[in-house]
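[1] test case, fold it:
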Amino acid sequence: MPIIFNIDVMLAKRKMQSQELAEKINITQANLSILKNGKAKALKVSTLDAICKALDCQPGDLIEYQPETL
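    Sure thing, here's the model as predicted:
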């Protein structure tokens, strides 16, 4: 999938653990892991909003587009 989630990068920049982020945005650790590993098929705008608020960042800091190579 050409959409890459850089949540781990922002967690490291903010010196925050995954568990802390999951608690702040009120999702399970398993669902956060699915997002971080790029296995998610969809992302609610409200979840993206909560992540951006918790990490004090912009959506573009979290999501990256990398075209598939043929």
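
[2] SS state for Ser69?
    If you look again at residue 69, you'll see it is Thr, not Ser. Classification of Thr69 using DSSP: H, G, I helix; E, B strand; the rest coil returns coil.

[3] gap between it and Pro2?
    10 Å (Cβ to Cβ, to the nearest Å). For every residue, glycine as well, the C-beta is placed using N, CA and C.

[4] repeat that for Ala22.
    For Ala22 relative to Pro2 (Cβ to Cβ), the value is 26 Å.

[5] for these two, indicate the residue with more neighbours.
    Ala22 (18 against 9; other Cβ atoms under 10 Å).

[6] for the protein, give me the ranges with low pLDDT.
    1, 70 (pLDDT under 70).

[7] dump the residue contacts of Ser18.
    When contacts are counted by Cβ atoms under 8 Å, 6 or more residues apart in numbering, Ser18 is found next to 11, 29, 32-33, 36.

[8] quick one: which of those is most hemmed in?
    Leu32 (21 neighbours).

[9] surely that residue and Glu20 touch.
    No - when contacts are counted by Cβ atoms under 8 Å, Leu32 is not listed as touching Glu20 (10.4 Å).

[10] find residues that contact each of those two.
    Counting by Cβ under 8 Å, 6+ apart, nothing touches both Leu32 and Glu20.
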